[in-house]
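# For reference, the sequence and a predicted model appear below.
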Amino acid sequence: DNPLITERPFRALHHSISATALIGGRTNPQPGEISLAHQGVLFLDELPEFQRNVLELLRQPLEERKVPISRAHGTVEFPANFLLISAMNPCPCGYFHHPDKPCTCKPYQVDRYLHRISGPLLDRIDMHLEVFPLKYPDMFNAQASESSSSIRERVIMARETQKERFHKHNAIRTNAEMNSEQVKVVCKLDLVSSSLLQNAIERLQLSARAHDRILKMARTIADLAQSSEIQCKHLAEAITYRNLDRENWSG
């Protein structure tokens, strides 16, 4: 009813979605969900329940922020610069790594469940966070935490810092959009931080893509802390956001 988009889109997808609905297509190419989420959020709940061939289609758009649709009469290119957020259980029963309740899954079931998501796709996701259940007293703890408005102010300041950093680059607005050459210039480390990153890369056997994503994340953490330099603590925090890259995470 309103052809002018005034709010960033939020697209929450069901795991039964087809490849065409996600990526776009048909005889006369139409944009798919990833293009409808352009400049907004694409949310995938129960990530391992999606068909693997459908998830693999996310790899190129996450890298290039666009999706080409080729047909006999030509090629159409749709924008696909979206923020991907997904959620999943750690295993089929949902209790793997639970501090109190034992997991009833066999090791091969956990491994097979997690391997529904390919390594190359995980490589393109900046943050992997393992969220543990809260104890009852913690759920209703009256202790005040940082307010959303305060966090919002810090985010706005960080975005302004990045806007100033890339003011000469029309195609780049945030740290996440940097290419490898720009990462080398913007994300410089001291000797201690370089050693920490090298150890993490070797121990976790991370790819060059993951290396750059850790540096981009560290630069963003430093921006949120209003630090002009990436400090060792910023880099260490960025490394902890690669949970699913840990060796033997699935047991």
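Looks like it arrived, so ask away.

# Would you indicate which residues of stretch 102-117 are buried?
Residues 103, 105, 109-110, 113-114, 117 are the ones in stretch 102-117 that count as buried (16 or more other Cβ atoms under 10 Å). All C-beta atoms are positioned from the backbone trio N, CA, C, and that covers glycine.

# swap in stretch 3-19?
Buried, per 16+ other Cβ under 10 Å, within stretch 3-19: 11, 13, 17.

# Any chance you could list what contacts the helix or strand harbouring the first one?
If I follow you right, that is residue 11. Residue 11 is part of strand 10-13, with elements assigned from DSSP states H and E. Applying Cβ atoms under 8 Å, 6 or more residues apart in numbering, the external contacts of strand 10-13 come out as 22, 33, 36-37, 40-45, 82.

# what are the pairing partners of that strand, and which direction each?
strand 41-44 (parallel) (DSSP bridges).

# Distance from the strand it pairs with to the middle of the chain?
The chain centre lies 10 Å from the centre of strand 41-44; the measure is Cα atoms, centre = their mean, to the nearest Å.

# For that strand, buried residues please.
Buried residues in strand 41-44, defined by neighbour count with 16+ other Cβ under 10 Å: 42-44.

# What about residue 152, how many residues nearby?
For residue 152, the count of nearby residues is 10 (other Cβ atoms under 10 Å).

# That one should be in a helix, yeah?
Yes. Residue 152: assigned to a helix according to DSSP: H, G, I helix; E, B strand; the rest coil.

# Tell me, please, the helix or strand in this protein that averages the lowest pLDDT.
In the chain, no helix or strand scores lower on mean pLDDT, DSSP states H and E than helix 136-139, which sits at a mean of 78.

# For that one, list the C-alpha coordinates in CSV.
The C-alpha trace of helix 136-139 is given here as CSV (Å, rounded to 0.1, in the frame of the first residue of the first chain):
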residue,chain,number,x,y,z
TYR,A,136,15.8,-18.6,37.7
PRO,A,137,17.3,-15.9,40.1
ASP,A,138,19.2,-14.4,37.2
MET,A,139,16.1,-14.0,35.1
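
# All the helices of the stretch 151-251 of the chain, in order from the start?
Under the criterion DSSP state H, counting those that start in this stretch, the stretch 151-251 of the chain contains helices at 180-186, 191-204, 208-224, 232-240.

# got a markdown table for the buried residues of strand 41-44, with pLDDT too?
Formatted as a markdown table, the buried residues of strand 41-44 follow (pLDDT from 0 to 100):
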| residue | pLDDT |
| --- | --- |
| 42 | 96 |
| 43 | 97 |
| 44 | 96 |
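
# re earlier: for residue 56, which of the helices of the stretch 151-251 of the chain is the nearest?
Of all the helices of the stretch 151-251 of the chain, helix 208-224 sits nearest to residue 56, with 15.7 Å by Cβ to Cβ.
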